[in-house]
Each structure stands twice: as structure tokens, then as C-alpha cells.
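Undergrad: The sequence and its predicted three-dimensional model are supplied below.
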Amino acid sequence: QAPVPVPAPVPSMRHVLKADAGTTKAIDTFLSAAAAEKRVEPSAKQLPTSKASKGSRNGSIAKVEANSPRAGPRLKVWVTAFARSGSSTMLSMVETAGMPVSPASDEVSLKEAEAQPSALAAMATRPSASSPRIFAIFEPCHERTRVDEPLKGKGCRALVDQLLRCNFDGVTHLHGWKHDHSATGGKNYSISRAAQACKSADMVAMKTVNVTSTLPVELRQGHSLPTHYTGTLKGLVGDSLTKQELLHVINVVRDPRAIVASWYATSAFNKSIARSPQTITSLCDDIMLSKDSLALHPRVKTVVFEKFVKNPEKVARETFAFLGLPYTAVQEKWIQDTFNADCNSQSKSRLYSDCHSDSEVSLSRWRELLSEQEKMAFIQHPKCCEVAHAYGYDATGCPYPR
């Protein structure tokens with residue numbers, strides 16, 4: 001098996017984050033290093049600064065639109081998960097990197113940046129201390145997205161790989177363009193507008209969901225499932241990881257019993273998936289198919305949903321460190337507004353809100369919603385027990401040892 005390519009290290013960006021007299025020198029140093037790796041042209045020194053615009057969630061996200069495309073490498077983040085696993089919340093957390101950082105948290109940013117400088121160096125190549133511009137798309141592979149041939153026949157993997165490169169050719173309608181979880185600038189979609197906004201960003205993020213590739217046709221109830229992708233994690237992101245060296249993948253996993261219980265309780269899924277013990281066991285099969293395929297890849301991070309809910313600060317810090325981003329007061333505020341929060345004071349217009357007044361209640365709801373037959377099917381299925389042991393879920397009744 002060919003070795004996995006790992007991005008070359010880049011210099012510290014302390015002077016870039018501090019817009020002082022050393023900024024120009026620091027930028028020149030980074031651009032020269034990047035040019036040596038054939039990533040950017042050394043002449044691209046001056047980039048447009050961005051102003052903060054009011055976003056649709058808690059705080060402001062730096063505008064993605066600018067007068068000219070940014071130069072230099074661009075951090076790319078692909079959040080993927082089985083549906084109803086917290087991937088939308090993870091995307092929201094990643095997007096907080098584009099929220100303004102207050103002067104009080106500057107020192108925190110600098111300390112984090114020194115420890116994890118790689119992605120910051122890729123993003124902060126403009127002479128200002130403004131927040132990085134974020135461009136993000138919620139579920140571009142949704143069935144409502146419209147693409148021309150031949151892109152249509154290539155599936156979700158090829159579509160997201162193309163969009164991460166800021167290439168929207170052939171995409172006539174992009175689902176999620178104005179979704180609350182997207183960060184696109186808010187104007188109506190067009191190929192040229194999307195390309196400009198994406199190319200002006202410092203970080204591009206996409207979020208996709210899977211349902212289950214092993215789910216038998218008879219359990220699909222004749223309805224179209226709300227996703228274009230069914231397959232393993234390696235099959236989805238493997239090629240893009242090889243070709244795009246600044247791509248980072250965040251794979252969110254959740255207890256299969258909790259996922260299925262959420263499907264049954266969500267209108268978008270309960271009309272598409274039949275209630276059956278086989279639905280749970282098929283999901284276990286899929287999770288184990290993906291578990292080891294990219295487990296050791298340096299740019300793939302698996303986040304366990306249950307740990308995210310129980311200790312969001314720890315998971316947020318680890319995730320931002322993985323991305324090479326500073327953890328600041330902005331992320332702390334987002335956590336306070338998202339987990340065990342006063343959701344009554346926030347917008348109720350979103351069907352899938354990130355805010356939860358009792359975050360951990362979702363962890364045990366499956367015990368009430370699933371039948372005894374479904375629970376028994378889980379502990380009697382070898383792959384389900386493997387999932388429980390691998391990710392620390394309740395394995396009571398499983399005959400398979402750790």
C-alpha cells in the first residue's frame with residue numbers, strides 16, 4: 001500500500017496573527033516556503049481584509065465575498081457522518097473559526113497558534129488581524145442538488161472534491177446554499193458567485209451525511225433517502241485526501257441505537273426507512289466497515305458524538321488543534337450557547353437546531369424509543385457489539401469480550 005502523503009510543515013505565523021511591523025516579513029517567509037512547494041505564487045502578498053457580518057447563528061462570521069480571490073493555500077474541512085450523528089453541530093463549531101476574536105483572547109490565540117501553526121499559516125496570509133473568512137456548504141450531496149452530466153454520474157465523492165477546489169461548473173442548483181448551517185454570503189446561488197465567494201475564503205468546509213449502504217431495499221419503503229452517498233469513509237474521502245493536502249476530515253460517530261431512534265423520530269427519515277431490527281444491524285455493519293479504513297490517517301479525526309455532548313470543551317479543543325486553529329473565547333461562548341443552554345432566548349425557526357437545553361438527554365432516548373426486539377438484535381449481532389466496545393457504548397448483554 002502506497003504511503004499516505006503528509007503536508008510539509010510550515011513556519012509559525014505569530015507575526016501574521018499580530019498585525020505589527022513584522023507582518024510583511026512573516027508573510028514573505030510563508031509565501032516563499034509555500035512557493036517552494038508549488039502551492040502559491042510568491043508575488044501574492046496583499047490580500048483583501050474582511051469585515052464581520054451578522055450570521056444566522058450565535059455571533060458573526062467573516063464575509064466570504066471579496067473583491068478578488070485570495071492567494072495562497074486554503075484550509076479545507078470535510079465533516080462527514082451518518083445522518084443524525086451531530087455533524088451539523090460539528091460544522092457549526094468549525095465555522096466559529098470565522099467569528100471575530102476579541103482583544104482579550106488574543107494571547108490565547110497566539111499560544112494555540114504556536115502549538116498548531118500549520119493550518120493557521122495556510123489561512124492567515126493577509127496583513128491583518130481580522131478573522132479568517134469561512135465558506136461552508138451544508139449537505140451539497142442532498143437529493144435536491146442539481147448537477148449536469150457527466151458530474152451527475154460521478155456521485156457525492158466527485159462533487160465534494162470539485163467543490164472543495166472552488167469549482168462549481170455543472171452545479172445548476174446547490175442544496176443548502178442558504179441553509180442556516182451554511183456560510184455563503186447569503187445571496188442567491190449562481191456558479192460564478194459561488195466560485196468567487198469560495199475563492200475569497202481562507203477556509204472551505206463541507207458537510208455530508210450517509211444513511212446506510214447495507215440497508216436492504218425492502219427497508220427503504222419506496223421513498224428517496226435524503227442523501228446521494230452510501231458507502232465507506234475511505235470510499236468517500238480517500239481520493240480527496242490523497243489529492244488535496246490541506247484537506248482535513250472530521251468523521252463523527254454515534255451509537256447506532258441512538259442514530260436509528262433519531263431516524264424514527266425525525267420526519268425526513270421515518271417515511272423513508274422501515275422500522276426493523278435489521279435497520280440497526282445494517283448500520284452497525286456500515287460503521288465497522290468504515291472504522292479502520294482511515295483510522296491512522298494524520299488528517300482524519302474521529303469524533304465520538306457522546307463525548308462531544310458530555311465534554312464539548314475538551315472535544316472542541318482537540319478538534320481545533322487537529323485543524324491547526326486557535327481555541328479562543330469565541331469557541332467557549334459558542335459552547336455555552338449550544339450545550340445545556342437557554343435555547344428559549346434563541347431562534348426557534350431552525351428545524352435542526354444546534355442548541356440543546358439538556359444536551360445529554362439524547363444519549364439515552366433510544367432506551368425508550370426502541371423495542372425490546374430491536375435492543376436484542378443489537379447485542380446478538382457481532383458487528384454491533386464490536387461498535388459498542390470500540391467506541392465505549394453500553395455493551396451489556398454482548399457475549400463478545402473487549
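TA: Yep, it's here.
Undergrad: low-scoring stretches of the stretch 301-402 of the chain, by residue?
TA: Low-confidence segments of the stretch 301-402 of the chain, defined by pLDDT under 70, span residues 345-352, 358, 400-402.
Undergrad: Helices of that one, residue ranges please.
TA: 305-310, 312-323, 329-338, 361-364, 366-369, 372-380, 382-391 (DSSP state H, counting those that start in this stretch).
Undergrad: right, and the ones you listed - which one's nearest Leu159?
TA: Nearest of these to Leu159, taken as C-beta to C-beta: helix 312-323 at 22.6 Å. C-betas here are computed from N, CA, C, even on glycine.
Undergrad: Buried residues in the closest one, which are they?
TA: Neighbour counts using 16 or more other C-beta atoms under 10 Å place Pro312, Val315, Ala316, Glu318, Thr319, Phe320, Ala321, Phe322, Leu323 of helix 312-323 among the buried residues.
Undergrad: Could you list the single helix or strand in the chain with the lowest mean pLDDT?
TA: Counting by mean pLDDT, DSSP states H and E, the chain has its least confident helix or strand at helix 14-17, which shows a mean of 29.
Undergrad: Quickly find the element holding Gly235.
TA: Using DSSP states H and E, Gly235 maps to helix 233-243.
Undergrad: what about this protein, any weak spots by pLDDT?
TA: Looking at the chain by pLDDT under 70, you get 1-72, 101-131, 211-231, 345-352, 358, 400-402.
Undergrad: Quick one: the strands in the stretch 101-250 of the chain, in order.
TA: 134-138, 146-147, 171-173, 203-210, 247-253 (DSSP state E, counting those that start in this stretch).
Undergrad: between the first one and strand 203-210, how big is the angle?
TA: If I follow you right, that is strand 134-138. 10 degrees (axes from the mean of the first three to the mean of the last three C-alpha atoms, to 10 degrees).
Undergrad: Can you name every helix or strand that strand 134-138 contacts?
TA: helix 87-95, strand 203-210 (3 or more C-beta pairs under 8 Å, 6 or more residues apart in numbering; DSSP states H and E).
Undergrad: Give me the contact list for it.
TA: 61-62, 64, 88, 91, 94-95, 97-98, 163, 174, 176-177, 179-184, 197-198, 200-207 (C-beta atoms under 8 Å, 6 or more residues apart in numbering).
Undergrad: tilt between it and helix 87-95?
TA: Going by the same axes, to 10 degrees, strand 134-138 makes 170 degrees with helix 87-95.
Undergrad: Likewise for the fourth one?
TA: In this structure, strand 203-210 runs at an angle of 170 degrees to helix 87-95, with the same axes, to 10 degrees as the basis.
Undergrad: Check which strands are paired with strand 203-210 and give the direction for each one.
TA: strand 75-82 (parallel), strand 134-138 (parallel) (DSSP bridges).
Undergrad: Regarding stretch 315-332, how distant is the last residue from the first?
TA: Using C-alpha to C-alpha, to the nearest Å, the end-to-end distance of stretch 315-332 comes to 12 Å.
Undergrad: wait, I meant stretch 165-181
TA: Note: stretch 165-181 ends 20 Å apart using C-alpha to C-alpha.
Undergrad: Report the spatially closest residue to Lys234, excluding sequence-adjacent ones.
TA: Ser293 (3.5 Å; C-beta to C-beta, 6 or more residues apart in numbering).
Undergrad: Tell me if the one you found really is in a helix.
TA: No - counting by DSSP: H, G, I helix; E, B strand; the rest coil, one finds Ser293 to be coil, located in no helix.
Undergrad: Could you tell me how many residues sit around it?
TA: 16 (other C-beta atoms under 10 Å).
Undergrad: any chance of the helices of the stretch 301-402 of the chain in TSV, with distance to Ile137 too?
TA: Shown next, in TSV, are the helices of the stretch 301-402 of the chain (distance: least, C-beta to C-beta, whole Å):
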stretch	distance to Ile137
helix 305-310	22
helix 312-323	17
helix 329-338	20
helix 361-364	25
helix 366-369	30
helix 372-380	34
helix 382-391	28
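Undergrad: Determine which of these approaches Gly238 most closely.
TA: Per C-beta to C-beta, nearest to Gly238 of the helices of the stretch 301-402 of the chain: helix 312-323, 18.3 Å.
Undergrad: So which elements touch that closest one?
TA: The contact analysis (3+ C-beta pairs under 8 Å, 6+ apart) places helix 312-323 against helix 87-95, helix 106-115, strand 247-253, strand 300-304, helix 305-310, helix 329-338.
Undergrad: so Trp334 touches Met93, yeah?
TA: Yes - using C-beta atoms under 8 Å as the test, Trp334 is close enough to Met93 to be in contact (6.5 Å).
Undergrad: about what we covered before: with Gly397 as the reference, name the closest of the helices of the stretch 301-402 of the chain.
TA: That would be, of the helices of the stretch 301-402 of the chain and by C-beta to C-beta, helix 372-380, which comes in at 3.8 Å.
Undergrad: got a list of contacts for the closest one?
TA: 256-257, 260, 277-278, 280-281, 284, 367, 384-385, 388, 395-399.
Undergrad: Return the most buried member of the helices and strands packed on strand 134-138.
TA: Compared across these, strand 203-210 shows the largest average neighbour count, a mean of 26 (mean count of other C-beta atoms under 10 Å).
Undergrad: Run a quick neighbour tally on the closest residue to Thr396 other than its chain neighbours.
TA: Once flanking residues are discounted, Thr396 sits nearest to Ile379: 7.4 Å by C-beta to C-beta, 6+ apart. A count of nearby residues for Ile379, using other C-beta under 10 Å, gives 16.
Undergrad: How much space separates Ile379 from Ala395?
TA: 8 Å (C-beta to C-beta, to the nearest Å).
Undergrad: got any residues that touch both of those two?
TA: With C-beta under 8 Å, 6+ apart, Ile379 and Ala395 have common neighbours Cys385.
Undergrad: and Glu245, which of the helices of the stretch 301-402 of the chain is closest to it?
TA: Using C-beta to C-beta, the helices of the stretch 301-402 of the chain put helix 312-323 closest to Glu245, at 14.1 Å.
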